[in-house]
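Trainee: just a sequence and a predicted model for now, questions to come.
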Amino acid sequence: MQKEMNKKILLVEDETLIAMHEQMILEDYGYSVMVVSSGESAIESVQNTPDIDLILMDINLGDGIDGTEAARQILAEHDIPLVFLSSHTEREVVEKTEGITSYGYIVKNSGETVLIASIKMAFRLFSARMKEKEKE
């Protein structure tokens with residue numbers, strides 16, 4: 001298992017048990033993980049923590065703003081790779097993410113391999129995008 005040192009992930013998940021499980025997996029792979037449970041907390045965390053490398057964002061976050069609105073607000077001011085995480089596969093839910101620059105959509109309980117592969121791919125795609133931007 002390859003460790004991903006010095007990468008900080010903001011995990012936005014309102015279900016405590018799921019958040020703890022995902023945090024454990026991510027930390028086992030060497031990621032540093034911050035966990036928040038609301039869209040508002042996610043926005044605040046990004047504003048106050050400049051070294052977040054990736055956001056793993058649940059879509060349905062209970063009361064308050066949902067993950068798609070939090071993502072829009074964050075990405076309007078910060079260029080951070082974001083991967084959506086949801087237990088929902090319905091068209092309406094997936095369509096809510098369209099138009100938001102994201103680097104993936106992971107269905108919860110897809111397994112550790114899918115989670116880690118999706119995060120690694122998001123980092124690679126973001127890095128490639130940054131290199132292209134530098135050329136412009």
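Mentor: Arrived safely, thanks for sending.
Trainee: show residues contacting the lowest-mean-pLDDT helix or strand in the chain.
Mentor: Here the helix or strand of the chain ranked lowest by mean pLDDT, DSSP states H and E is helix 91-95, holding a mean of 78. The contact list for helix 91-95 (CB atoms under 8 Å, 6 or more residues apart in numbering) reads 59-60, 86, 88, 105. Every residue, glycine included, has its C-beta placed from N, CA and C.
Trainee: got the buried residues for that helix?
Mentor: Using 16 or more other CB atoms under 10 Å as the test for burial, helix 91-95 gives Val93.
Trainee: and the residue nearest the centre of this structure?
Mentor: Centroid-nearest residue in the chain, with CA atoms, centre = their mean: Leu56, separated by 1.6 Å.
Trainee: need the next SSE after the helix or strand containing that one, C-terminal direction.
Mentor: According to DSSP states H and E, Leu56 maps onto strand 54-58. Following strand 54-58 in sequence order, the next helix or strand is helix 67-77 (DSSP H and E).
Trainee: look up how far Lys135 lies from Ile119.
Mentor: Per CB to CB, to the nearest Å, Ile119 is found 25 Å from Lys135.
Trainee: so the two - more neighbours on which side?
Mentor: Ile119 (24 against 5; other CB atoms under 10 Å).
Trainee: for that one, give me the pLDDT.
Mentor: pLDDT for Ile119: 95.
Trainee: quick check: bridge partners of Leu56?
Mentor: Note on Leu56: beta-bridge partners by DSSP bridges are Leu11, Val83.
Trainee: for the chain, what spans make up the helices?
Mentor: 16-28, 39-48, 67-77, 91-95, 112-135 (DSSP state H).
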